[in-house]
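S.K.: Kindly return the folded structure for what I paste below:
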Amino acid sequence: MASTETTTPGKDAGDLAGLEAGLDALETQQRGRTPFRQTLTQKILPPVAAVLLVLAVWQALVSFEIVDDPTKLPAPSDVWDVVHQAWLRGELLGYIWTSVSRGLSGFLLALVIGTPLGLLVARVRFVRAAIGPILSGLQSLPSVAWVPPAVIWLGLNNSMMYAVILLGAVPSIANGLVSGVDQVSPLYLRAGRTLGATGLKGTWHIVLPAALPGYVAGLKQGWAFSWRSLMAAEIIASFPDLGVGLGQLLENGRNASDMAMVFEAILLILIVGIAIDLLIFSPLERWVLRSRGLLVRS
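M.R.: Numbering: from 1, shown residues only. The predicted model follows:
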């Protein structure tokens, strides 16, 4: 019996050392650079193949005269010609910048308003009971409904555009943060209070970091609502002094019955939305998940 008791600790230590070495090896493999072939086959080729398939089906509908009216469905080459001509005239980047600058500015303003509002709703019971249902109702209200009253209140100007963006994005950001705070483990809060992290200090160091997954989801949804609200405002409240954004370009194509211009605007709106997601929100989401061990670096 004595011999068994003396050898067991050594054996356990050896097992723990082996386990630690295995974990170190796994961590080393995860931190290695992903081979280009894997990136190409898993991340680049699938979306490229999907785009090519859509273009092939689109061209087939035109070539085989399944849709034989070019005023309803122009060929991809016709849309490309319109985009190319807008680029040569120096107007293409202007369309994009007008909308993107408004959208990002309005979203940042919504972030400044929605974050403290979400914390207030999440942490104060009376405030949640008073305005929590209103925020949920505003989030489900179509953004286009705010355009007519915003025009009447503020007129045809950029302030009207920003007001519509705020009314569309603030509820989503606030509700996303509320959802994230509700999912924070009470153990974190008790541990924070034990260490002296109470009040604003506890909110900054404990609540906000723990609520990041829900908060980031709310930010992503808030940007989607910002972009949709802006497009609705530009389509409905078109005015020369406001400049020509992507929504205005879409409305101009409709007024001129120019389907190539309409498709140009739709494609540009889609491309901007995808680009913002890939450049900003997807990396932020991956960072949050990876920092919590929920996403393995491949």
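S.K.: And the helix or strand hosting Ser179, what does it pack against?
M.R.: Per DSSP states H and E: Ser179 is located in helix 158-182. Packing partners of helix 158-182 (3 or more C-beta pairs under 8 Å, 6 or more residues apart in numbering; DSSP states H and E): helix 92-123, helix 125-140, helix 147-154, helix 212-236. The way it works is simple: take the backbone N, C-alpha and C, and place the C-beta from them, glycine included.
S.K.: Dump those helices into JSON lines; add distance to Pro35 as well.
M.R.: Converted to JSON lines, these look like this (distance: least, C-beta to C-beta, whole Å):
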{"stretch": "helix 92-123", "distance to Pro35": "34"}
{"stretch": "helix 125-140", "distance to Pro35": "43"}
{"stretch": "helix 147-154", "distance to Pro35": "49"}
{"stretch": "helix 212-236", "distance to Pro35": "29"}
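S.K.: tell me the most buried of those helices?
M.R.: helix 212-236 (a mean of 23; mean count of other C-beta atoms under 10 Å).
S.K.: That one versus helix 158-182: what angle between them?
M.R.: Relative orientation of helix 212-236 versus helix 158-182 (axes from the mean of the first three to the mean of the last three C-alpha atoms, to 10 degrees): 160 degrees.
S.K.: In terms of secondary structure, what does helix 212-236 contact?
M.R.: helix 92-123, helix 147-154, helix 158-182, helix 246-255, helix 259-276, helix 282-291.
S.K.: returning to that earlier point: could I get the buried residue list for the helix holding Ser179?
M.R.: 158, 160-181 (16 or more other C-beta atoms under 10 Å).
S.K.: about what we covered before: wait, which of the helices and strands packed on helix 212-236 is closest to Ala129?
M.R.: Ala129 sits nearest to helix 92-123 of all the helices and strands packed on helix 212-236, at 9.5 Å, using C-beta to C-beta.
S.K.: could you give the mean pLDDT of that closest one?
M.R.: The pLDDT scores in helix 92-123 average 93.
S.K.: just checking, what packs against it?
M.R.: Under the contact criterion of 3+ C-beta pairs under 8 Å, 6+ apart, helix 92-123 touches helix 76-88, helix 125-140, helix 158-182, helix 212-236, helix 246-255, helix 259-276.
S.K.: Below-threshold pLDDT in the protein: ranges please.
M.R.: Low-confidence segments of the chain, defined by pLDDT under 70: 1-34, 199, 294-298.
S.K.: returning to what we had before: looking at the helices and strands packed on helix 158-182, which is closest to Val272?
M.R.: helix 92-123 (6.1 Å).
S.K.: residues in contact with the most centrally placed residue in the chain?
M.R.: Centroid check for the chain by C-alpha atoms, centre = their mean gives Lys220 as the closest residue, at 3.0 Å. Neighbour list for Lys220: 277, 281, 285 [criterion: C-beta atoms under 8 Å, 6 or more residues apart in numbering].
S.K.: Not counting residues beside it along the chain, what's closest to the second one?
M.R.: What that stands for is Phe281. Closest residue in space to Phe281, ignoring its immediate chain neighbours: Lys220 at 4.7 Å, by C-beta to C-beta, 6 or more residues apart in numbering.
S.K.: Tell me how far that neighbour lies from Leu278.
M.R.: 12 Å (C-beta to C-beta, to the nearest Å).
S.K.: Make a markdown table from the helices and strands packed on helix 92-123 and add distance to Thr198 to it.
M.R.: Shown next, in a markdown table, are the helices and strands packed on helix 92-123 (distance: least, C-beta to C-beta, whole Å):
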| stretch | distance to Thr198 |
| --- | --- |
| helix 76-88 | 57 |
| helix 125-140 | 17 |
| helix 158-182 | 16 |
| helix 212-236 | 20 |
| helix 246-255 | 47 |
| helix 259-276 | 37 |
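S.K.: Looking at these, which is nearest to Ile44?
M.R.: helix 259-276 (14.1 Å).
S.K.: Buried residues, that closest one. List them.
M.R.: For helix 259-276, by 16+ other C-beta under 10 Å, it's 259-265, 267-269, 272-273, 276.
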